[in-house]
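J.: Give me the fold of what follows.
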Amino acid sequence: MAGVLVFSEQDTVAYELLSKARELGAANAALLGASVSAKATGYFAFGAQKVYVGEDARLADFHAEMYADALAQIVDASGAQVVLIGSTHSARNSARSSADSVPPARCENARIFFAISPE
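T.: Below is the predicted model:
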């Protein structure tokens, strides 16, 4: 299987997803936020082959629409066929907005999954 991209706004969740993604294929990560590029080292330590960084002051706080657009751009650039998104509190509360914000044509070859947490 070609690339697997993982994303979570919480680093520890992203690390867990990377561990699982490596079983599926080449594991890559999306890292979004303000001043986050220094965090890439941690993602490499958990097995990411590439870390796509979307760094912008407007991403300092989680806003579903902005994050969805930034993530869609990364999915498109990475060519990922599978995207694993951590099922965090923010993701669960904004899943509908995120799905509605992602232009389907930009991610037509990717399958997007939310990892379910046992809460």
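J.: any idea which residue sits dead centre in the chain?
T.: F7 (2.1 Å; CA atoms, centre = their mean).
J.: looking at the protein, which helix or strand is least sure?
T.: Here the helix or strand of the chain ranked lowest by mean pLDDT, DSSP states H and E is strand 111-115, holding a mean of 50.
J.: where does this structure have low pLDDT?
T.: Applying pLDDT under 70 to the chain picks out residues 1-2, 89, 91-119.
J.: Which residue ranges of it form strands?
T.: Listed in chain order, the strands of the chain (DSSP state E) span 4-7, 27-33, 50-55, 82-86, 111-115.
J.: what's the most buried one of those strands?
T.: strand 4-7 (a mean of 28; mean count of other CB atoms under 10 Å). (C-beta placed from N, C-alpha, C; glycine too.)
J.: the helices in this structure, which residues?
T.: 11-24, 40-45, 64-78, 89-101 (DSSP state H).
J.: do you know which of the ones you listed lies nearest G54?
T.: Ranking the helices of the chain by proximity to G54 (CB to CB) places helix 64-78 first, at 4.3 Å.
J.: Tell me the helices and strands packed up against the closest one.
T.: strand 4-7, strand 27-33, strand 50-55, helix 89-101 (3 or more CB pairs under 8 Å, 6 or more residues apart in numbering; DSSP states H and E).
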